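J.: what's the 3D shape of this:
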Amino acid sequence: MSIDAIINEVARSNRYIIDRANVLAAGGNDHLIARRVRMGWWEQIHSGVYQVGIRPMQWTDRLCAAIDAAGECAAVSHRAALILWGLEGIGSAPVEITVPVGSGPVPAGTIVHRTRRPIDDVSVVDGIRVTSVARTLLDACGCLPERVVLAAIDSAVRGRLVTPGGLVEMIRRKAGRGVKGTRMFRRLVSEYLDRQPTGSFAELSVLEGIDRAGVPRPVLQWEVVVDDGSRYYLDFGWPDPMKAVEIDGWETHSSSTAHDRDLVRQNALLAMGIEIRRYSGRAVQRDLPKVVGEIAAFIAS
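T.: Numbering: from 1, shown residues only. As a prediction, this is how the structure comes out:
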């Protein structure tokens, strides 16, 4: 294949965006790049980044070009990541990325956030490196109103892009001192989960207590398939010793039907050999150290 054929093949798979490294890998050089730009075959978008063939650039094309210009550790983030993931709350966003401190120059027309922390919570959407859904929601708390982030959280959970356990895990791992948006994120997640049957702020409190006590880390929202094919999700699970802990909401069962369903679920899990301990949200709120101590003894037994 000719150099141009190789470059065009790479460009087609990357929204017709290439960088200098692509050209060099194909056997080209800076003279070839300058000539293609001068002849109007390519357009320089950023330093060392080019569009092959002149065509209107879409928003996702600009995201791709910014990532190429910023380096392999960069990721689309914040408002742009919210749109790329298809979350509700906003309808448009600037080209916005996160890069490590000390990385290259800011691509023109791009909002750049620099971080000293590893950019490791990432995925790929439409071929573009982007922060994970949970990380995107945390970042959004630093630049968007509460109502917008709540809408995004709700759409992410409904769309099964993140689990309630995943939100709790993001708080544990990343929402610490010095991270912009942490306070809002913790509050919004707790308020949201307290309204859901799949999670609660009580779970967050127990998880943090488990970590402090040195108890082996559980699987959050542990999925268990029982003999009849039914799927159940347990708040905290330890698959190896086949043990689980459930944190009930602040209120008791809303109806006798719900109570009956809960008994069927618990009996099916016990038949699978899974030992379960259950605690109410009120018990967690009243005496968290006692609850955590009992869980630690249960897992160690």
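
J.: quick one: contacts for the nearest residue to Arg55 once chain neighbours are set aside?
T.: Closest residue to Arg55 apart from its sequence neighbours, by C-beta to C-beta, 6 or more residues apart in numbering: Tyr16 at 7.1 Å. Just so you know, the C-beta spots here come from the backbone N, C-alpha and C atoms, and that holds for glycine as well. By C-beta atoms under 8 Å, 6 or more residues apart in numbering, the contact list for Tyr16 reads Gln51, Val52, Gly53, Arg55, Asp61.

J.: Just read off the phi/psi values of Tyr16.
T.: phi 60, psi 30 (degrees, to the nearest 10).

J.: What does the pLDDT read for it?
T.: Predicted confidence (pLDDT) for Tyr16: 90.

J.: picking up where we left off before, by pLDDT, give me the weakest of the contacts of Tyr16.
T.: Arg55 (80).

J.: pretty sure that residue is in a strand, no?
T.: No: under the criterion used here (DSSP: H, G, I helix; E, B strand; the rest coil), Arg55 is coil, not part of a strand.

J.: which other residues reach the helix or strand bottoming out on mean pLDDT in the chain?
T.: Sorted by mean pLDDT, DSSP states H and E, the helices and strands of the chain end with helix 256-271, the least confident at a mean of 78. Under the criterion C-beta under 8 Å, 6+ apart, residues Val224, Val226, Asp227, Asp228, Ser230, Tyr232, Leu234, Ala244, His253, Ile276 lie in contact with helix 256-271.

J.: Please list the outside residues in contact with whichever helix or strand comes after it.
T.: Toward the C-terminus, helix 256-271 is succeeded by strand 275-280 as the next helix or strand (DSSP states H and E). Contacts to strand 275-280, defined as C-beta under 8 Å, 6+ apart, come from residues 202, 206, 234, 241-248, 250, 252, 266, 269-270, 291, 294-295, 298.

J.: quick one: low-confidence parts of the stretch 151-300 of the chain?
T.: 194-201, 249-259 (pLDDT under 70).

J.: out of everything not next to it in sequence, what's closest to Val125?
T.: Leu84 (5.2 Å).

J.: quick one on the thing from earlier: show only the entries of the contacts of strand 275-280 found in strands.
T.: Applying DSSP state E to the contacts of strand 275-280, the entries found in strands are Leu234, Lys243, Ala244, Val245, Glu246, Ile247, Asp248.

J.: Report the two of these separated the most.
T.: Maximum pairwise distance in the ones in strands among the contacts of strand 275-280, criterion C-beta to C-beta, is 17.2 Å, between Lys243 and Asp248.

J.: who's in contact with the residue lying closest to Gly109 once chain neighbours are set aside?
T.: In space, and not counting its chain neighbours, Gly109 is closest to Val95: 6.2 Å by C-beta to C-beta, 6+ apart. Contacts for Val95 were tallied using C-beta under 8 Å, 6+ apart; they are Trp59, Arg62, Leu63, Ala66, Ala80, Pro107, Gly109, Thr110, Ile111.

J.: in stretch 284-298, what counts as buried?
T.: Val284, Leu288, Val291, Val292, Ile295, Ala296, Phe298 (16 or more other C-beta atoms under 10 Å).

J.: ugh, wrong one, I meant stretch 229-248
T.: Those would be 232-238, 243-248, for stretch 229-248 by 16+ other C-beta under 10 Å.

J.: where exactly do the strands run in the stretch 101-250 of the chain?
T.: With DSSP state E, counting those that start in this stretch, the ranges of strands along the stretch 101-250 of the chain come out as 111-115, 122-125, 128-131, 219-225, 231-238, 243-248.

J.: is it possible to export those to a markdown table including distance to Pro145?
T.: Putting those into a markdown table (distance: least, C-beta to C-beta, whole Å) gives the following:
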| stretch | distance to Pro145 |
| --- | --- |
| strand 111-115 | 18 |
| strand 122-125 | 24 |
| strand 128-131 | 20 |
| strand 219-225 | 28 |
| strand 231-238 | 30 |
| strand 243-248 | 30 |
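
J.: Please tell me how far the residue in the chain sticking out farthest from the centre sits from Glu72.
T.: Residue farthest from the centre of the chain, counting by C-alpha atoms, centre = their mean, is Met39 at 42.9 Å. Using C-beta to C-beta, to the nearest Å, Met39 is found at 29 Å from Glu72.

J.: and if you look at His46?
T.: On the measure of C-beta to C-beta, His46 and Glu72 end up 15 Å apart.

J.: who has more neighbours, these two?
T.: Applying other C-beta atoms under 10 Å to His46 and Glu72 shows that His46 carries more neighbours, namely 21 against 10.

J.: which residues pair with that one across the strands?
T.: Beta bridges link His46 to Val49 when assigned by DSSP bridges.

J.: Does it touch Arg62 like I think?
T.: No: with contacts counted by C-beta atoms under 8 Å, His46 stays clear of Arg62, the gap being 9.8 Å.
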